[in-house]
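**Q** Everything below, folded, please.
(one chain, ligands or ions: 1)
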Amino acid sequence: MLAQTPPMGWNSWNTFGRDIDEKLLRDMADRIVDLGLKDAGYEYVVIDDCWSLKERDENGRLVADPEKFPSGMKALSDYIHSKGLKFGMYSCAGSKTCDGYPGSFDFEFIDAQTFADWGVDFLKYDFCFKPKLANGPILYNRMAMALKATGREILFSACNWGNDEVEKWIRSAGAHMYRSTHDINDNFIRYKEIAMSQVDKLAYSGPFCYNDIDMLICGMRGKGNVGNGGCTDVEYTTHFALWCLFQSPLMIGCNLNNIDDYNLNLMKNKELISINQDPEARPPMKLPDQHNTDLWRMRPAFFKHLSNGEYIIAFFNFSDGECRSELELYDLGISASTGWGFEGYDIFTGEPTGLRKIHFNADVEAHGCRMFRVKLVK
Ligand code: GLA
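**A** I've put the predicted structure just below:
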């Protein structure tokens, strides 16, 4: 069964946009293995838009651009599989892809078969150039069925940017993950906006169909297709922590040929990945701000149940100065008379929290976050 936990991999769009070819894809597959990312759980290597010719062949089949992919897609797919990884491709529910290449509208069954013949394991399916009278549920359902009709297991990654309240019907339409927002950019303001827009919709996300808040920008450092500004180390950490806490798919978007150590280690952080991959996938609960609920959006705090009986307490600080985040245990239903408290450790430093009753506070640096894995103890 696919997508029992959030899918993890690498996608070409954020850094390379149109500038893709088979050497790049092979290099990225090599790097995923050499850099220990495969061991950390990243497995899909996905080509995004701009891989095909502008015209279909005489049988109506999509054709890989022979200049970019001279060995053909099957050879690339075999190479990626030989590294123990999985191969992902891209198409679109409309008549053209977002960058103007042929889309799959009315060619769904032919294209699904082409992808299956190439050994594709993952299909990202966009929403540009959609005929106005064809709706999302029909188009995604049709492609989901076309993929299944091939007999090959292909993870279906829907990308309609949250249109038409996608979270309410996409699981029924057979997708395994669904983009819920417009595109990310490599900066703090944009990723914060994206994550916060989904806080109240995370209850729809769960095993077999995850809310995808877009590909990671960690390590882009302001370079590449969506490299718009870049982030500090602290900001990349907050970004990755949010994606893990929300159990979004983790699709790396940077150039792995020159990734810096900070971002590499961040994206391999075992504590964060284990939260992202928690099998029960319970959405985090919002914790009220103790002093002023209007401040919550500036310093959101969450509490999350994990499947092993532990909990995550997470504090974020989106403001430009340090803040003290405060949790009163009573706000989780634990009154002082029960004698229960939390004990655990800071997931970034490993530092023990000690037993905390009544209050659980933490100082959080500007644009930063603190996360604790705790148990309830007496
Ligand atoms: C849309 C998607 C992006 C990317 C581009 C490709 O904008 O949201 O993730 O796939 O199309 O053109």
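**Q** most remote residue from the chain's center?
**A** What lies farthest from the middle of the chain is Ser337; by Cα atoms, centre = their mean that is 41.2 Å.
**Q** okay, that residue: pLDDT?
**A** At Ser337, the model reports a pLDDT of 94.
**Q** cool, Ser180 as well?
**A** Residue-level confidence at Ser180 comes out at 98, pLDDT.
**Q** The residue lying closest to it once chain neighbours are set aside: how many residues sit nearby?
**A** Leaving out its chain neighbours, the residue that sits closest to Ser180 by Cβ to Cβ, 6 or more residues apart in numbering is Gly162, at 4.2 Å. (Each C-beta comes from the backbone N, C-alpha and C, glycine too.) By the other Cβ atoms under 10 Å criterion, the neighbourhood of Gly162 contains 20 residues.
**Q** Next: Phe16.
**A** As a measure of burial, Phe16 has 20 neighbours, counting by other Cβ under 10 Å.
**Q** measure it to Arg179 for me?
**A** The gap separating Phe16 from Arg179 is 19 Å, by Cβ to Cβ, to the nearest Å.
**Q** cool, and Leu245?
**A** Distance from Leu245 to Arg179, by Cβ to Cβ: 18 Å.
**Q** So these two - more neighbours on which side?
**A** When Leu245 and Arg179 are compared for neighbours, Arg179 comes out ahead with 28 against 22, by other Cβ under 10 Å.
**Q** State the number of residues packed around the closest residue to the more buried one other than its chain neighbours.
**A** With sequence-adjacent residues excluded and distances taken as Cβ to Cβ, 6+ apart, Arg179 is closest to Cys159, at 4.2 Å. When neighbours are counted by other Cβ under 10 Å, Cys159 registers 25.
**Q** Kindly report the same for Glu351.
**A** Counted with other Cβ under 10 Å, residues neighbouring Glu351 total 10.
**Q** cool, and the one 10 residues further on?
**A** By other Cβ under 10 Å, the residues close to Asn361 number 14.
**Q** any weak-confidence spans in this structure?
**A** Within the chain, the ranges that satisfy pLDDT under 70 run 289-293.
**Q** Which parts of it are helices?
**A** For the chain, the helices defined by DSSP state H cover 13-16, 22-34, 37-40, 73-82, 108-117, 136-149, 188-197, 233-245, 261-267, 270-276.
**Q** Which among those helices is found nearest to the ligand?
**A** Smallest distance to the ligand across the helices of the chain (Cβ to the nearest ligand atom): 4.6 Å, for helix 13-16.
**Q** Next, the residues that contact that closest one from outside, please.
**A** Residues outside helix 13-16 that contact it (Cβ atoms under 8 Å, 6 or more residues apart in numbering): 24, 48-49, 184, 186, 215-217, 220, 223-227, 253-255.
**Q** Is any residue of it near the ligand?
**A** Yes: part of helix 13-16 sits near the ligand under the criterion Cβ under 6 Å from any ligand atom, namely Trp13.
**Q** can you list the residues of the stretch 251-378 of the chain near the ligand?
**A** Neighbours of the ligand within the stretch 251-378 of the chain, by Cβ under 6 Å from any ligand atom: none found.
**Q** how many neighbours does Ser335 have?
**A** Counted with other Cβ under 10 Å, the burial measure for Ser335 works out to 11 neighbours.
**Q** So that it lines up with my notes, have the first residue be 197 from now on.
**A** Noted, 197 is the first residue going forward, which turns the last one into Ser531.
**Q** so how far is the ligand from it?
**A** Distance of Ser531 to the ligand, given as Cβ to the nearest ligand atom, to the nearest Å: 46 Å.
**Q** which non-adjacent residue is nearest that residue?
**A** Nearest-residue entry for Ser531: Leu525, 7.8 Å, with adjacent residues in sequence omitted and distances by Cβ to Cβ, 6+ apart.
**Q** List the residues that contact the one you found.
**A** With contacts taken as Cβ under 8 Å, 6+ apart, Leu525 has the following neighbours: 531-532, 536-538, 552-556.
**Q** Could you pull up the residues touching the residue lying closest to Tyr432 once chain neighbours are set aside?
**A** For Tyr432, the nearest residue in space outside its immediate sequence neighbours is Cys414; the separation is 4.8 Å by Cβ to Cβ, 6+ apart. With contacts taken as Cβ under 8 Å, 6+ apart, Cys414 has the following neighbours: 432, 435-436, 448-450, 459, 462-463.
**Q** Which pair of those spans the longest distance?
**A** Gly449 and Leu462 (13.4 Å; Cβ to Cβ).
**Q** before we move on, back to that, which of the contacts of Leu525 count as buried?
**A** Neighbour counting with 16 or more other Cβ atoms under 10 Å marks 537-538, 552-553, 556 as buried within those.
**Q** Could you report the separation of the residue nearest to Tyr432 from the ligand?
**A** Cys414 is 16 Å from the ligand, by Cβ to the nearest ligand atom.
**Q** What of Asn381?
**A** Between Asn381 and the ligand the distance is 11 Å, computed by Cβ to the nearest ligand atom.
**Q** Determine the number of other residues adjacent to that residue.
**A** Neighbours of Asn381 using other Cβ under 10 Å come to 22.
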